[in-house]
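In: With the sequence up front, the predicted model follows.
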Amino acid sequence: MAVNVETAARPTVAARVGTVRTPGGRRGPQFGQALLYLVLFGLSALFMFPFAWLLLTSLKPPAEVFAPGWLPDPVYPENYADVFQNADVVRWLWNSLFVAGMGVVSVVFSSSLVAYGFARLRFRGRKQLFALVMATYLLPGAVTLIPTFLIWNELHAINTTIPLWAGNLFGSAFYIFMLRQFLFTIPQDLVDAARVDGASYLRIYWNIMLPLIKPALAAVAVFEFQAKWNDFMLPLIYLNKPELYTMALGLASFKDEFETQWALWMAASVIMTVPMILLFFLAQRFFIEGVTTTGLKG
């Protein structure tokens with residue numbers, strides 16, 4: 001009976017370890033945790049500084065952008081109305097949303113399908129083929145820029161948004177590696193049981209694997225959406241019609257036209273930045289889970 005009492009008391013003692021004071025009189029683990037939070041808060045404030053300055057500057061009257069002081073006095077939200085009146089921001093936002101959305105959908109399914117093949121199928125030359133796929137990730141984007149442009153030119157896709165996202169239909173080496181590592185954390189017994197029940201490999205991929213790797217897919221979606229949303233080089237190369245401009249390219253043209261009107265330029269920059277901030281907070285839980293779990297096995 002005494003053994004049971006001692007065993008039952010162990011969790012209580014373990015739970016009180018965090019309250020044990022150090023010889024100096026300070027709480028050990030609690031003090032370290034508080035210090036960690038303090039450091040993280042300081043780093044967060046440091047990284048938030050540019051966006052805070054951008055937001056506050058966008059709310060200043062145009063004549064007082066360089067006036068002393070951080071806070072706008074008075075607050076001048078008319079800068080945002082002027083941006084929408086002087087530029088086709090709504091169309092730019094829609095084009096960016098369309099390109100980013102199509103890019104996310106295409107790369108998520110193509111990369112996950114290839115990653116599933118490398119993680120779960122056994123075939124001759126699998127490791128060598130995977131190494132070849134990873135080798136493509138080492139190629140600088142400038143090396144393939146001209147050949148890719150010539151291909152799209154032969155397909156008569158210049159001055160359309162197709163080249164901005166259709167390349168994702170062939171997958172991404174980085175995302176393939178990321179999803180492959182995540183798939184290694186799924187027990188093989190699930191696949192074996194499904195095969196015994198007569199499920200095909202595609203059915204296993206669609207009905208079993210995709211639901212189980214949602215955190216990794218969410219991380220891939222956030223990464224790719226950010227990449228497409230902020231992409232400036234490809235729209236600059238493939239788009240010549242202003243009505244097809246994405247937000248990044250439209251912001252550059254807006255800067256050229258209103259370069260000296262800093263308040264309007266800052267407001268346009270905030271409009272481009274806010275969707276990415278909202279996306280991160282909406283997908284934060286899945287994003288962090290996908291990033292931290294990837295690579296634990298394999």
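Out: Good, I have the coordinates.

In: phi, psi of S172?
Out: Backbone torsions of S172, given as degrees, to the nearest 10, read phi -130, psi 130.

In: mind listing what it touches?
Out: Contact analysis of S172 by Cβ atoms under 8 Å, 6 or more residues apart in numbering lists 107, 111, 224. C-beta here means a position set from N, CA and C on the backbone, and glycine is covered the same way.

In: try 7 Å this time
Out: Residues touching S172, when contacts are defined by Cβ atoms under 7 Å, 6 or more residues apart in numbering, comprise 107, 111.

In: ok now the helix or strand containing F280, how far from the chain's centre?
Out: Taking DSSP states H and E as the criterion, F280 maps to helix 262-282. Its chain's C-alpha centre lies 15 Å from the corresponding centre of helix 262-282 when counted by Cα atoms, centre = their mean, to the nearest Å.

In: List the neighbours of that helix that are in contact with it.
Out: By Cβ under 7 Å, 6+ apart, the list of residues contacting helix 262-282 from outside reads 51, 54-55, 57-58, 60, 62, 65, 79-80, 82-83, 89, 222, 225-226, 229, 247, 251, 254-255, 258.

In: Return the set of buried residues in stretch 268-279.
Out: Buried residues in stretch 268-279, counting neighbours by 16 or more other Cβ atoms under 10 Å, are found at 268-273, 275, 279.

In: now that stretch: mean pLDDT?
Out: The average of the pLDDT scores along stretch 268-279 is 91.

In: Name the residues of the helix or strand containing S96 that are buried.
Out: Under the criterion DSSP H and E, the helix or strand holding S96 is helix 89-120. By neighbour count with 16+ other Cβ under 10 Å, helix 89-120 contains the buried residues 89, 91-93, 95-97, 99-100, 102-104, 106-120.

In: tell me, how many neighbours does the nearest residue to A119 once chain neighbours are set aside end up with?
Out: Closest residue in space to A119, ignoring its immediate chain neighbours: L183 at 3.8 Å, by Cβ to Cβ, 6 or more residues apart in numbering. Here the count is done by other Cβ atoms under 10 Å, and L183 has 24 residues near it.

In: list the contacts for L183?
Out: Counted by Cβ under 7 Å, 6+ apart, L183 has contacts 115-116, 119-120, 209, 213.

In: quick check, nearest of those residues to A194?
Out: Distance to A194 across these (Cβ to Cβ) is lowest for M209, with 9.8 Å.

In: ok, F225 - contacts?
Out: With contacts taken as Cβ under 7 Å, 6+ apart, F225 has the following neighbours: 100, 104, 279.

In: Which SSE is immediately downstream of the host helix or strand of it?
Out: With secondary structure defined by DSSP H and E, F225 is part of helix 214-230. Counting by DSSP H and E, the element after helix 214-230 in chain order, helix or strand, is helix 233-238.

In: Name the residues of that following helix that are buried.
Out: Applying 16+ other Cβ under 10 Å to helix 233-238 flags 234-235, 237-238 as buried.

In: domain parsing for this protein?
Out: For the chain, automatic domain parsing gives the domain ranges 17-80, 84-293.
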